[in-house]
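**Student:** Output the structure for:
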Amino acid sequence: MTVEAASLILPSDVLIIVMENLGIEDLINLSYTCKFVNLLVHEFGWSLYLKHNVRSSFTLQLARRNWSSFDQVRYDVASDRRWTQAKFNARPLSHPWRNKLQPKIALSASVLLVAAGHTIYVYHISDSSSLDDGAPGVLYEGSYSFTDRQEITSITFIPDGNLERTVAVGFDDGHIHRVFLHHFQQEQSNNKPLALNIERNYPLGLRIVDMVESLTCSDGMLLSLSSFGTAGLCNLSSHSPLVSAINLDCRSWSSFICMRSSTPFTAFGTTSPNPLVVHAVTPSSLSPAPFAILHPTRERSTAVYDITDAPPSAPWGSSKQVIVSGWYDGAVQVHDMRSGWRDSGVTGSPAPLRPMLTFRDPWSDEPIYSVSCGGGSSSFVAAGTARHSVVAFWDVRRPAEGWSVHAPGNDSSPVYSLILESSRVFGVTQSRPFVFDFGLGVTKETYPCLPISARSQHDTIKLRKNGVGYYVTQYNHSRT
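**Tutor:** Presented below is the predicted three-dimensional model:
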């Protein structure tokens with residue numbers, strides 16, 4: 001089949017090849033030329049655009065399978081625009097807890113988990129048959145509490161055959177357990193979410209004597225880190241899961257594992273003269289000596305509190321050898337392990353690697369407790385600070401144009417955990433979980449309705465006039 005226009009004849013397969021390199025405006029203009037080309041753009045052009053412009057999002061995965069390619073592009077373009085304008089709907093996901101906690105969150109395509117105290121709160125992610133039906137909802141399902149009331153200090157999803165209900169949970173007594181979260185059966189009489197008690201029956205990996213500070217998983221390999229520096233690597237597909245253990249001999253805060261890099265590695269954030277180090281992972285062990293030492297821009301930065309992978313769409317390309325870290329001095333550092341920019345004036349082996357990019361909120365030097373990457377155009381970095389529930393954002397394409405926002409409730413808490421998606425940011429403070437939603441189709445029913453209760457009387461949040469988002473405080477990083 002061919003397209004004829006003003007003596008121009010092109011086969012459809014040639015047009016499809018041309019469309020593979022076109023942007024949004026070019027595809028729109030091309031679709032206006034004639035009916036046949038319009039059909040060709042809708043059948044092939046938008047799906048090709050999505051192939052080359054991936055937006056990572058757990059909570060939209062199920063819905064996007066039902067949406068047309070055009071609706072997916074429409075959603076992405078709208079949310080990207082709202083990211084650049086810093087426009088979103090802020091929603092608390094619960095009323096404040098009775099006690100001040102140090103919670104963690106974990107996210108899959110079907111559930112959001114909030115681990116606080118000895119309880120795991122479960123939020124179900126609903127489906128959406130089309131974009132016109134609204135955005136997929138994140139609705140409270142119920143909670144699990146451990147019977148021995150041990151404090152949960154870390155949580156991460158682990159492989160379970162795509163059920164997405166199995167997690168590794170670390171506790172303050174040093175135990176790590178595999179936990180399967182069964183689906184809740186709603187009470188037929190009042191349709192209220194259930195609160196179930198569960199026991200710790202399935203120990204997993206290394207038993208350590210101090211608190212489990214961090215758990216991360218990549219391709220079936222689970223990395224654990226204790227507060228005093230014991231790191232354990234477990235192969236979850238093995239009948240004898242413990243592969244290797246090393247001791248960092250310092251106060252430790254965060255860990256990160258990447259098995260998809262050309263050289264699989266782990267990174268550890270500690271309080272020490274070298275707060276961020278990278279160790280190689282071999283098929284049989286975790287290397288006891290680092291192959292890279294990542295230095296800050298300020299020599300007095302003594303601790304790294306969180307580590308994550310870099311935004312997929314960035315000037316340096318999508319590489320698994322680039323990591324982002326949050327530091328005690330309020331800096332967010334980006335290190336590229338492919339770089340040769342090393343600190344030659346420092347003795348030791350290997351020579352420390354300097355950061356390729358540093359982000360700061362000029363109005364705050366509070367420590368960075370949590371970091372995550374993604375967001376609009378897959379090019380944003382988000383950082384949760386140690387006070388006043390502030391989340392800072394930077395676009396790596398325009399690093400000088402950052403902005404910050406207080407979480408709903410504006411309490412004095414750190415932001416202990418963050419997960420950044422294409423259109424949503426999930427976070428949690430000492431008081432409750434929250435979300436910033438930059439996408440289309442957000443309604444009153446997209447997130448949990450907070451009913452009036454005894455706890456709500458002391459809640460400081462205020463609903464906007466649109467009845468969807470809540471008022472929050474924002475500010476730009478620019479000093480002009």
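
**Student:** Report pLDDT for Ile9.
**Tutor:** Here, the pLDDT recorded for Ile9 equals 59.

**Student:** Run a quick neighbour tally on Trp327.
**Tutor:** As a burial measure, Trp327 scores 27 neighbours (other Cβ atoms under 10 Å). Heads up, the C-betas are built off the backbone N, CA and C, glycines and all.

**Student:** How much space separates it from Arg65?
**Tutor:** Trp327 is 39 Å from Arg65, where distance means Cβ to Cβ, to the nearest Å.

**Student:** Where does the prediction get shaky in the stretch 301-450 of the chain?
**Tutor:** Residues of the stretch 301-450 of the chain meeting the criterion pLDDT under 70: 301, 344-349.

**Student:** Identify each of the helices in it and give its residue range.
**Tutor:** Under the criterion DSSP state H, counting those that start in this stretch, the stretch 301-450 of the chain carries no helices.

**Student:** where do the strands sit along it?
**Tutor:** With strands called from DSSP state E, counting those that start in this stretch, the stretch 301-450 of the chain shows them at 304-309, 322-327, 332-336, 357-359, 368-374, 380-385, 390-395, 398-406, 417-420, 424-428, 433-437.

**Student:** In a markdown table: those strands, plus distance to Phe268.
**Tutor:** Putting the strands of the stretch 301-450 of the chain into a markdown table (distance: least, Cβ to Cβ, whole Å) gives the following:
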| stretch | distance to Phe268 |
| --- | --- |
| strand 304-309 | 8 |
| strand 322-327 | 10 |
| strand 332-336 | 13 |
| strand 357-359 | 20 |
| strand 368-374 | 15 |
| strand 380-385 | 19 |
| strand 390-395 | 24 |
| strand 398-406 | 26 |
| strand 417-420 | 18 |
| strand 424-428 | 23 |
| strand 433-437 | 27 |
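
**Student:** Is Leu50 in contact with Arg74, as I believe?
**Tutor:** No - with contacts defined as Cβ atoms under 8 Å, Leu50 does not count as touching Arg74, sitting 11.2 Å away.

**Student:** Go ahead and flag the most central residue of the chain.
**Tutor:** Ile419 (2.6 Å; Cα atoms, centre = their mean).

**Student:** Please report how far the residue nearest to it when sequence neighbours are not counted lies from Asn235.
**Tutor:** Ranked by Cβ to Cβ, 6 or more residues apart in numbering and with sequence neighbours excluded, the top spatial neighbour of Ile419 is Phe426, at 4.6 Å. According to Cβ to Cβ, Phe426 stands 29 Å off from Asn235.

**Student:** who's more crowded, those two?
**Tutor:** Using other Cβ under 10 Å, the more surrounded residue of Phe426 and Asn235 is Phe426, with 25 against 18.

**Student:** Show the contacting residues for that one.
**Tutor:** Ile105, Leu107, Leu112, Leu418, Ile419, Pro433, Phe434, Val435 (Cβ atoms under 8 Å, 6 or more residues apart in numbering).

**Student:** at 10 Å what do you get?
**Tutor:** Neighbouring residues of Phe426 by Cβ atoms under 10 Å, 6 or more residues apart in numbering: 58-59, 93, 105-107, 112, 114, 123, 138, 372, 417-420, 433-437.

**Student:** Which strand or helix spans the spatially closest residue to Leu450 that is not a sequence neighbour?
**Tutor:** Counting by Cβ to Cβ, 6+ apart, the nearest residue to Leu450 once its immediate chain neighbours are dropped is His95, at 5.7 Å. Under DSSP states H and E, no helix or strand contains His95.

**Student:** One more: Ile17?
**Tutor:** Here Ile17 is assigned to helix 12-19, by DSSP H and E.

**Student:** What lies in contact with that helix?
**Tutor:** 1-3, 10-11, 26-27, 30-31, 36-37, 39-41, 43-49.

**Student:** After it, which helix or strand is next? Please name it.
**Tutor:** helix 24-31.

**Student:** Pull out the buried residues from that next one.
**Tutor:** Leu27, Leu30, Ser31 (16 or more other Cβ atoms under 10 Å).

**Student:** And for stretch 48-60?
**Tutor:** Leu48, Tyr49, Leu50, Asn53, Arg55, Ser57, Phe58, Thr59, Leu60.
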